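Student: Give the three-dimensional model of this entry:
(one chain, ligands or ions: 1)
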Amino acid sequence: MNALTLPDTASAPRLLFTDLDGSLLDPCRDDWRAARPWLARLKQLDVPVIPVTCRTRSEILPLRQALGLTHTPFIAESGALVGLPPAWRHARLERPGPDGLVVRALGVDISFIRQRLRVWRERLGARFTTMSEMPLDELMAFTGLGESDARLARMREGSEPLLWHGDDRSLAAFREGLAGDGLCLVRGGRFWHVTGTSHKGSAVSWLIERFAALRGQRPLTLALGDGPNDVPMLEAVDHAVVIPGSHGLEVVPQQQRLYRSKANGPAGWAEGVSHWWGRAESVRPAAMVAAGAS
Ligand SMILES: O=C(O)[C@@H](COP(=O)(O)O)O[C@H]1O[C@H](CO)[C@@H](O)[C@H](O)[C@H]1O
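Tutor: Got it, this is the predicted structure:
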């Protein structure tokens, strides 16, 4: 739940957390033209724009290059993974891998999720198709992804998207079974996602704590999303924006400082950032010194 009192809005450093599909990105394709002026402004002001998505690490890496967000963290697979650039690391504790990246797993391993899915399919006769079981051409047709992007989407590490074919009652039994394993079932724009107990909200809170620990100052935070799985993220921040989705699902966060944009996709994203941070001259830089604290 968001704090009742805000950090000093005039002097606090700021962090922006954003869902991708249907929020910063157009719901049908990777297009963010309407958000570009704000992205450029936030970059100029050193305000980190942090993607928070169901997409995989493999999907995000090229996208954050294209978005110009290589110096900011990212949250992948519904909160299962957090990617940390140098300034966000504890220098002595977190050594980067060969690709220069530190990726912390906050959730559970994909092999455990897949093993439990096999068990529940057998025990309950649960009727679902996981993304990894979908033939590539079907996945491409269903999502609109090209072949190479569809392959990147299947490189799961800590969450499994699936299509549910059963009724609501069997879905409830399936959810209950997963909960007994310490797993969650959350609704994305197109898929259901099976994850560990880490979700978009807990991963956002983890990053806010990390920022405060390294900087010694609590940031002022804004999050934007369009789906039910964004709710915990929208509740974990100081200001939130719900962007209307094309999925028709309810998105009702317990958040006092909530704005619902009229436009959808990146235009709604820009509208939401303007609503809360429109007086851009008041936005304080949140730049972190490289190499982090030890
Ligand atoms: O469930 C979904 O609709 C999407 C997007 O979810 P979010 O907007 O990040 O909550 O996530 C899945 O499907 C995408 C393709 O449409 C894949 O790129 C993602 O890897 C997958 O998690």
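Student: quick one: the closest residue to T9 other than its chain neighbours from R114, how far?
Tutor: Excluding the flanking residues, the one nearest T9 by C-beta to C-beta, 6 or more residues apart in numbering is L220, at 5.9 Å. All C-beta spots, glycine's among them, are computed from the backbone N, C-alpha and C. Computed as C-beta to C-beta, to the nearest Å, the L220 to R114 distance reads 40 Å.
Student: Looking at those two now, which is surrounded by more residues?
Tutor: L220 (24 against 15; other C-beta atoms under 10 Å).
Student: what residues are up against that one?
Tutor: Residues near L220 by C-beta atoms under 8 Å, 6 or more residues apart in numbering: L6, P7, T9, A12, P13, R14, L15, D238, H239.
Student: The helix or strand harbouring Y259 - contacts with which helices or strands?
Tutor: Using DSSP states H and E, Y259 maps to strand 258-260. Secondary-structure packing of strand 258-260 (3 or more C-beta pairs under 8 Å, 6 or more residues apart in numbering; DSSP states H and E): strand 239-242, helix 265-277.
Student: Show me what the longest one is packed against.
Tutor: The one in question is helix 265-277. Applying 3+ C-beta pairs under 8 Å, 6+ apart, one finds that helix 265-277 contacts strand 14-18, helix 36-44, strand 220-225, strand 239-242, strand 258-260.
Student: Put together TSV for these, with mean pLDDT and distance to M134 on each row.
Tutor: Output for the helices and strands packed on helix 265-277, formatted as TSV (pLDDT from 0 to 100; distance: least, C-beta to C-beta, whole Å):
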stretch	mean pLDDT	distance to M134
strand 14-18	97	27
helix 36-44	95	33
strand 220-225	97	25
strand 239-242	98	30
strand 258-260	98	33
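Student: what's the closest of the ones you listed to G97?
Tutor: Taking C-beta to C-beta, strand 14-18 is the member of the helices and strands packed on helix 265-277 nearest to G97, at 24.1 Å.
Student: Can you show me the CA trace of that closest one as PDB?
Tutor: Extracted as PDB, the C-alpha positions of strand 14-18 are listed here (Å, rounded to 0.1, in the frame of the first residue of the first chain):
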ATOM      1  CA  ARG A  14      11.800  10.800  -8.600                       C
ATOM      2  CA  LEU A  15      11.400   7.400 -10.000                       C
ATOM      3  CA  LEU A  16       8.900   6.400 -12.700                       C
ATOM      4  CA  PHE A  17       7.800   2.700 -13.000                       C
ATOM      5  CA  THR A  18       5.900   1.700 -16.200                       C
END
